[in-house]
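**Student:** Show me the folded form of this:
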Amino acid sequence: MTDDRDEGLEQRRAQLGAELASKRAAVREDERGEIRAEEGRKGYAQAMKLSSEFIAAIIVGVVLGYVLDRFIGTTPWGMIIFLLLGFCAGVLNVLRSAGKVATPELDERKTDKK
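**Tutor:** Here you go, the predicted structure:
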């Protein structure tokens with residue numbers, strides 16, 4: 001009788017072990033899917049950040065050019081020049097945010113002058 005009981009327990013233990021293994025595999029697959037989705041969201045957020053920085057710099061350039069043209073009366077040259085400056089500033093901001101161009105550090109400039 002004890003042998004039958006031990007065999008039944010061993011069978012149940014083996015069955016539970018198999019179920020746990022399948023559940024663990026499913027959880028690992030879900031975690032991999034979540035990691036891939038998170039990487040996709042990070043890429044989308046980075047793209048939105050870069051595009052908004054670029055567009056904001058152009059808009060600021062246009063507004064400054066327009067204001068300069070209205071007060072000084074240099075129509076259309078102020079807007080053209082500041083539009084180009086805004087475009088260049090936007091490209092520089094995107095390159096800095098993407099890590100392609102390093103930002104200058106104040107400590108390095110101070111030590112170079114000494």
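
**Student:** quick one, longest helix in this structure?
**Tutor:** Ordering each helix of the chain by length in residues (DSSP state H) puts helix 2-72 first.

**Student:** mean confidence score for that helix?
**Tutor:** The average pLDDT for helix 2-72 rounds to 88.

**Student:** The helix or strand just after it - contacts with which helices or strands?
**Tutor:** Downstream of helix 2-72, the first helix or strand assigned by DSSP states H and E is helix 77-98. Where contact means 3 or more Cβ pairs under 8 Å, 6 or more residues apart in numbering; DSSP states H and E, helix 77-98 is packed against helix 2-72. C-betas here are computed from N, CA, C, even on glycine.

**Student:** angle of the helix it packs on against helix 77-98?
**Tutor:** Counting by axes from the mean of the first three to the mean of the last three Cα atoms, to 10 degrees, helix 2-72 points 160 degrees away from the direction of helix 77-98.

**Student:** by contact count, what packs against helix 2-72?
**Tutor:** Helices and strands touching helix 2-72, as assessed by 3+ Cβ pairs under 8 Å, 6+ apart, comprise helix 77-98.

**Student:** residues of the helix it packs on that come out buried?
**Tutor:** Within helix 77-98, the residues that qualify as buried by neighbour count (16 or more other Cβ atoms under 10 Å) are 78-79, 81-83, 85-86, 89-90, 93-94.

**Student:** For Arg24, give its distance to Asp30.
**Tutor:** Going from Arg24 to Asp30 by Cβ to Cβ, to the nearest Å gives 11 Å.
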